[in-house]
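Visitor: I would like the atomic coordinates for the input below:
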Amino acid sequence: MRRTLIVLFGMWLSVSPAVAQQAQQPQQQTPVPRAPVPPPPPEQEPGEKVIRAFTDLVLVDVQVTDRDGRLVKGLKQEQFTVLENGQRQKIAFFDYYDIEQMETAGAVDAAPVVVALGAPAPTERVREQVRDRRLVVLFFDLTSMQADALLRATAAAQKFVAEQMTPADLVAVLAFGNRLGVLAHFTSDKALLQQAIARLVPGKDSQLADVAGAVAPAGEEAVAEDTGAAFTADETEFNIFNTDRKLAALEAVADLLRGVPGRKAVIHFSSGITQTGEENRSQLRATTDAANRANVSLYAMDTSGLQAEVPGGNASAGAAGGTAMFSGAAVFRQSGARQESRDTLTTLASDTGGESFFDEGDLGKVFAKVQQDTAGYYLMGFYSSDARRDGKWRELKVRVEGSGLRVRNREGYYAPKEYGVFTAEDRERQLEEAMRSELPRVELPMALETAWFRLSRDEVFVPVAVKLASRALQWAEERNRREVTFDFMLEVRHAGSGFPAGALRDTVRVRLDEQRFQQVQQRAIVYQGGVILAPGSYRIKFLARENETGRIGTFERDLELPAAAPQRLEVSPVLLSSQIEKVAGNGEVETKALTQDAKLKRSPLEVGGERVIPSVTRVFTTEQRLFVLFQTYLPNRADATKLRGGLVFFRNGERINETPLVEAAEYDEKTHTAAFRLSLPLERMAPGAYVVQAVCIEAGSTQAAFSRTNFALRPPAAAKPVAAPGQ
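Guide: I've put the predicted structure just below:
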């Protein structure tokens, strides 16, 4: 299969006349606690009520037992006190989930319950389905378990479903290998769950469990396996990446569960997650934060069980190199690596209100513990009295009035974090989350325009133009100059498989003096770039972030690039513009390209040292001049000298104007491409909506082709009246 080229071409910022911004229109969205939540999906049933939470609402589930460990029910809201960092909080939401009552009611002769994961917001029907039910997720990390550990885990899960699962349980099955997969949504159907678990078999994913341990801390001796090679590869960077993938998978699980109300217990089947110093700290925190926002408790289970380790490792690994095998460093490092992998699981469990289990010969005890912890709980919420968004850990304590009562709840949560205190890792994570989110981000209004120009039979150049309103930006003022910095990202994926096909990534800084700034404030800023792709169907997503406030805007659309038709005349899309400017740059824009720059010799948008600035919104005024650019691709036998092109204008379905047919401005004999660049004043056309059609014909033959696009024409803005003296 031919490899698709990825290229960054001709990125620049320019200033164009202000026009109506064509931003995506989002639906009204209401966030869940501490995280934005998408609007209801289009397939929502008519009249179905949606349960929504609020941004500042913090949820905490509390289990209350007596001295004998029995659940205590019937407590009132007034009997509870919630403390955040020692400060009392006012309880705004209070409810009790009585799973024990449904559990002891016995089997119910009814159709199995199924609750889909990934819903953006809980509906009234979903809330009723999960009411007083235990929500358990069996999550298998295939990348951290050897074949024997995976077999032990699946056997324990099968036994749990067959023997320990109660009528109150709704169980889901998820697995992470090359990607996160949902094998079974929340359901009470035991047969379906058994089939889902049976699909988990040892494979290539388990080979990642053999990676070396984390890098040795400073001052300690590093121990490497002796492979007989001239040198031993440093796997530190791979281990950092591998650990981040495991933690990111858990974060994705929490995001999937966010739309399901109530407490969710995730039983994490794993053989440990080893951190590599501080490099994984940001992802660990993000995972914990996502779990707490989604009211998810992680129960970490080390599936290796109780085992005796052979000093220095078993026969599958080579002996340690150097003096490590004689000084004892190899043995200490072996036991230390195992303990480090458990520390991460312990941290995840304790910070989310769950529990970790190690050296367990009988994994069935873990399921019993989860059922015991979720037999019934009080769910309460409060609005934090601490309005600071510093991202720090906030300790939670819950007290209840009564003699001999014991309270169990999660230890705390991370406060929201403002963009101003983001670390470099936080900023990168914000971009990644915005790119992979299915929700549009509209804090930064934008409009996007694409076209395509064929370079060869197998390559198509796709220019991308994005327009941002200057007044929507937060400009920093420094030494009588105004400055704003952007991060721009473009991701192109195949429509069917979702695999990446192209990407752009730039950081751009704009610095203007005061006079220039006042001019720009009345106009719009345009970003231009492009990618080279093969013909096919794609989905593109563009992201822009203004780095003073961290506001983000995204724009998505489908892109269809037709295959070449060498036997007939073909026309590219029609590109409209009202502005051209010199190709040479200026000192106002500083660009740092973060993707490979493989520039074309010359862009199809460049004409005689000038660059056409595409009109993103395709809205013009009668005082402007319209520039039209399109290309024609000729069959090999065609005669370029006989090729003519022109424009035809339609309004309300009627043909009202046309231009004379002219010769091509340029012709490339190698690619058989003819370029047409036409311009005309708009002052004689009446305001309204138009369709412009580019027409190409080969004189003396039947060869003809056309391409269409639409635009809007409006009268110029009325001049502001000048006040009379004395007014």
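Visitor: Could you measure from the residue nearest the centre of the chain over to Arg539?
Guide: Nearest to the mean C-alpha position of the chain, by CA atoms, centre = their mean, lies Arg436 at 1.8 Å. Counting by CB to CB, to the nearest Å, the gap from Arg436 to Arg539 is 13 Å. In short, each C-beta sits where N, CA and C put it, glycine included.
Visitor: ranges for the helices of the stretch 151-300 of the chain?
Guide: In the stretch 151-300 of the chain, the helices defined using DSSP state H, counting those that start in this stretch lie at 190-198, 236-257, 281-293.
Visitor: And the longest one, what does it pack against?
Guide: Taking 3 or more CB pairs under 8 Å, 6 or more residues apart in numbering; DSSP states H and E as contact, the helices and strands that helix 236-257 lies on are strand 134-141, strand 169-176, strand 180-187, strand 264-270, helix 281-293, strand 296-302.
Visitor: distance between it and the chain's centre?
Guide: Relative to its chain's centre, helix 236-257 lies at 14 Å (CA atoms, centre = their mean, to the nearest Å).
Visitor: got it, and stretch 113-120?
Guide: So, by CA atoms, centre = their mean, the centroid of stretch 113-120 is 20 Å from its chain's centroid.
Visitor: Using PDB, write down the CA coordinates of that stretch.
Guide: Written as PDB, here are the backbone C-alpha positions of stretch 113-120 (Å, rounded to 0.1, in the frame of the first residue of the first chain):
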ATOM      1  CA  VAL A 113     -31.100  -4.900  31.600                       C
ATOM      2  CA  VAL A 114     -28.700  -3.300  29.200                       C
ATOM      3  CA  VAL A 115     -27.200   0.200  29.800                       C
ATOM      4  CA  ALA A 116     -24.800   1.500  27.000                       C
ATOM      5  CA  LEU A 117     -21.500   3.100  27.900                       C
ATOM      6  CA  GLY A 118     -20.300   6.400  26.500                       C
ATOM      7  CA  ALA A 119     -23.700   8.200  26.800                       C
ATOM      8  CA  PRO A 120     -23.000  12.000  27.100                       C
END
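Visitor: mean confidence score for that stretch?
Guide: What stretch 113-120 shows for mean pLDDT is 82.
Visitor: mind listing what's buried in it?
Guide: Within stretch 113-120, the residues that count as buried by 16 or more other CB atoms under 10 Å are Val115, Leu117, Ala119, Pro120.
Visitor: Check stretch 629-637 too.
Guide: Neighbour-count burial for stretch 629-637, with 16+ other CB under 10 Å as criterion, is recorded at Leu629, Phe630, Gln631, Thr632, Tyr633, Leu634.
Visitor: how about the residues you listed, which pair is most distant?
Guide: For the buried residues of stretch 629-637, the maximum inter-member distance is 17.5 Å, found between Leu629 and Leu634 (CB to CB).
Visitor: List the contacts of Pro562.
Guide: Neighbouring residues of Pro562 by CB atoms under 8 Å, 6 or more residues apart in numbering: Pro535.
Visitor: typed the wrong thing, it's Tyr538
Guide: Val492, Arg493, His494, Ala495, Ala501, Asp558, Leu559, Glu560, Leu561.
Visitor: List the strands paired with the strand or helix carrying it, with their directions.
Guide: Assigning secondary structure by DSSP states H and E places Tyr538 in strand 536-546. Strand 536-546 has its sheet partners listed here by DSSP bridges as strand 481-494 (antiparallel), strand 551-561 (antiparallel).
Visitor: I'd like the average pLDDT over the following helix or strand past the last one.
Guide: When you say that, I think you mean strand 551-561. Remark: after strand 551-561, the chain's next helix or strand is strand 570-571, criterion DSSP H and E. The pLDDT scores in strand 570-571 average 92.
Visitor: do stretch 394-410 as well
Guide: So the average pLDDT for stretch 394-410 ends up being 90.
Visitor: returning to that earlier point: least confident of the buried residues of stretch 629-637?
Guide: For pLDDT, the smallest value among the buried residues of stretch 629-637 belongs to Leu634: 87.
Visitor: Pull the contacting residues for that one.
Guide: By CB under 8 Å, 6+ apart, the contact list for Leu634 reads Leu569, Ala640, Leu643, His672, Thr673, Ala674, Glu698.
Visitor: Return the member of those residues nearest to Arg429.
Guide: Nearest to Arg429 among those, with distances taken as CB to CB, is Thr673, at 43.3 Å.
Visitor: re earlier: now do the buried residues in the strand holding Tyr538.
Guide: Residues of strand 536-546 classed as buried: Gly536, Tyr538, Arg539, Ile540, Lys541, Phe542, Leu543, Ala544, Arg545, Glu546 (neighbour count, 16+ other CB under 10 Å).
Visitor: Mind exporting the C-alpha coordinates of it to PDB?
Guide: C-alpha atoms of strand 536-546 as PDB (Å, rounded to 0.1, in the frame of the first residue of the first chain):
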ATOM      1  CA  GLY A 536     -10.100   9.000  -0.700                       C
ATOM      2  CA  SER A 537     -12.700   9.800   2.000                       C
ATOM      3  CA  TYR A 538     -11.400  11.700   5.100                       C
ATOM      4  CA  ARG A 539     -12.500  13.400   8.200                       C
ATOM      5  CA  ILE A 540     -10.500  16.500   9.200                       C
ATOM      6  CA  LYS A 541     -10.400  18.300  12.500                       C
ATOM      7  CA  PHE A 542      -8.800  21.600  13.100                       C
ATOM      8  CA  LEU A 543      -8.000  23.100  16.500                       C
ATOM      9  CA  ALA A 544      -6.800  26.500  17.500                       C
ATOM     10  CA  ARG A 545      -5.800  27.600  21.100                       C
ATOM     11  CA  GLU A 546      -5.100  31.100  22.100                       C
END
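Visitor: give me the beta-bridge partners of the residue nearest to Glu666 when sequence neighbours are not counted?
Guide: Of all residues not flanking Glu666 in the chain, Ala675 sits nearest, at 4.4 Å (CB to CB, 6 or more residues apart in numbering). Beta-bridge pairing for Ala675 (DSSP bridges): Gln631, Glu666.
Visitor: Tell me if I'm right that Ala675 and Ala665 touch.
Guide: Yes - under the criterion of CB atoms under 8 Å, Ala675 makes contact with Ala665 at 5.4 Å.
Visitor: Could you identify which of the helices of the stretch 151-300 of the chain is most buried?
Guide: Neighbour counts (mean count of other CB atoms under 10 Å) averaged over each of the helices of the stretch 151-300 of the chain peak at helix 281-293, with a mean of 22.
Visitor: what's in contact with it?
Guide: 32-35, 243-244, 247-248, 250-251, 254-255, 258, 266, 275, 296-298, 344, 347-348, 351-352, 410, 413-414, 423, 425-426, 429.
Visitor: Please work out the average pLDDT along that helix.
Guide: 84.
Visitor: just stretch 691-711 next, same as before
Guide: Mean predicted lDDT for stretch 691-711 stands at 89.
Visitor: Specify the residue ranges that define each domain of the chain.
Guide: 12-26+440-714, 57-216+236-312+337-414 (automatic domain parsing).
Visitor: where's the residue nearest to Glu491 when sequence neighbours are not counted relative to Ser578, distance?
Guide: Excluding the flanking residues, the one nearest Glu491 by CB to CB, 6+ apart is Lys541, at 5.0 Å. Using CB to CB, we find Lys541 at a distance of 27 Å from Ser578.
Visitor: Arg714 too?
Guide: 12 Å.
Visitor: Please say which of the two ends up with more neighbours.
Guide: Ser578 (23 against 14; other CB atoms under 10 Å).
Visitor: No further questions, thank you.
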